[in-house]
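Novice: Structural data only, the sequence is not supplied:
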């Protein structure tokens, strides 16, 4: 496990606090499993077997390990040392890991400057929503990637009807509308306060330009409900299967309504 240290961000401290219990809490949730299947189908299509790829905000290594088992070579990074420790123990020698925050990829790029460029990069389940401004990240991750390499980023959608419905049913209308807010939005996890930002597609394009160009986007969890519907939805597997099927047909035309949105960028020659 490599380390590219910087001052720990508030979000990193929050995820450090929940790292030991993270898998036991979230892995059994069927809604997360359904959304993950949709994301993984697109990741294996974007990165051919043998591709050398880098993961940003990889958490406990679930997706890095899965991709390694599919024949990809993965460097998994995360800002949380505790999360990376869990991932390292889980993945063993199948996946290389490094403690590196997205905001500090300049240091990572400098240390890997003598190595071949990566064939792609990805971030799943809104890890980059913990970064307010992705301009520096875009510049620095570009230094690690070859031209035309895909950058697949899964961000929170800003108009999730499922979350609105669940939060209203729970009597929390302010939470139902939180994704419409501009700027940093307060969050709390593991007893620590931090902030998230619900990036719009146009903002992403602006921040990642000129190093990356948007090619496509697809909705993840349009009909499949968000984790706010747990644990109720996990006890209704037949319903969830129907909703997952509906998602496949709606992912492109109704991408804006997803709990998450998967943006596919490609590295330009800039």
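Specialist: Arrived safely. What you are looking at is a predicted structure, and each value in this text was computed from that prediction instead of being measured. Residues are numbered from 1 along each chain as shown.

Novice: Low-confidence stretches in the chain?
Specialist: Applying pLDDT under 70 to the chain flags residues 1-8.

Novice: now the helices: where do they sit in it?
Specialist: Using DSSP state H, the helices of the chain run over residues 10-26, 30-46, 62-69, 81-91, 105-111, 135-142, 161-169, 173-176, 201-208, 237-250.

Novice: Just send those helices back as TSV, with mean neighbour count too.
Specialist: Placement of C-beta: from N, CA and C, glycine included. As requested, these are exported to TSV (neighbours: other Cβ atoms under 10 Å):
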stretch	mean neighbour count
helix 10-26	17
helix 30-46	18
helix 62-69	20
helix 81-91	20
helix 105-111	17
helix 135-142	19
helix 161-169	18
helix 173-176	13
helix 201-208	16
helix 237-250	14
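
Novice: Out of those, which gets nearest to residue 262?
Specialist: Relative to residue 262, the nearest member of these by Cβ to Cβ is helix 30-46, separated by 6.0 Å.

Novice: for that closest one, the distance to its chain's centre please.
Specialist: Chain-centre distance of helix 30-46: 11 Å, with Cα atoms, centre = their mean, to the nearest Å.

Novice: which strands and helices sit next to it?
Specialist: Judged by 3 or more Cβ pairs under 8 Å, 6 or more residues apart in numbering; DSSP states H and E, helix 30-46 is in contact with helix 62-69, strand 120-123, strand 150-156, strand 212-220, helix 237-250, strand 260-267.

Novice: I'd like to check the angle between it and helix 62-69, please.
Specialist: Using axes from the mean of the first three to the mean of the last three Cα atoms, to 10 degrees, the inter-axis angle of helix 30-46 relative to helix 62-69 is 40 degrees.

Novice: Taking helix 237-250 as reference, get the angle to helix 30-46.
Specialist: Here helix 30-46 runs at an angle of 40 degrees relative to helix 237-250 (the same axes, to 10 degrees).

Novice: Adjust the sequence numbering to begin at 29 for everything that follows.
Specialist: Fine by me, first position is 29 from now on; the one you just mentioned is helix 58-74.

Novice: could I get the helices and strands packed on helix 58-74 as JSON lines with distance to residue 213?
Specialist: Formatted as JSON lines, the helices and strands packed on helix 58-74 follow (distance: least, Cβ to Cβ, whole Å):
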{"stretch": "helix 90-97", "distance to residue 213": "25"}
{"stretch": "strand 148-151", "distance to residue 213": "19"}
{"stretch": "strand 178-184", "distance to residue 213": "10"}
{"stretch": "strand 240-248", "distance to residue 213": "20"}
{"stretch": "helix 265-278", "distance to residue 213": "26"}
{"stretch": "strand 288-295", "distance to residue 213": "16"}
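
Novice: thinking again about what came up before, so can I have a markdown table of the helices of the chain showing distance to residue 220?
Specialist: Output for the helices of the chain, formatted as a markdown table (distance: least, Cβ to Cβ, whole Å):
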| stretch | distance to residue 220 |
| --- | --- |
| helix 38-54 | 4 |
| helix 58-74 | 22 |
| helix 90-97 | 22 |
| helix 109-119 | 12 |
| helix 133-139 | 23 |
| helix 163-170 | 22 |
| helix 189-197 | 22 |
| helix 201-204 | 19 |
| helix 229-236 | 26 |
| helix 265-278 | 31 |
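
Novice: which stretch among the ones you listed comes nearest residue 248?
Specialist: Using Cβ to Cβ, the helices of the chain put helix 58-74 closest to residue 248, at 5.1 Å.
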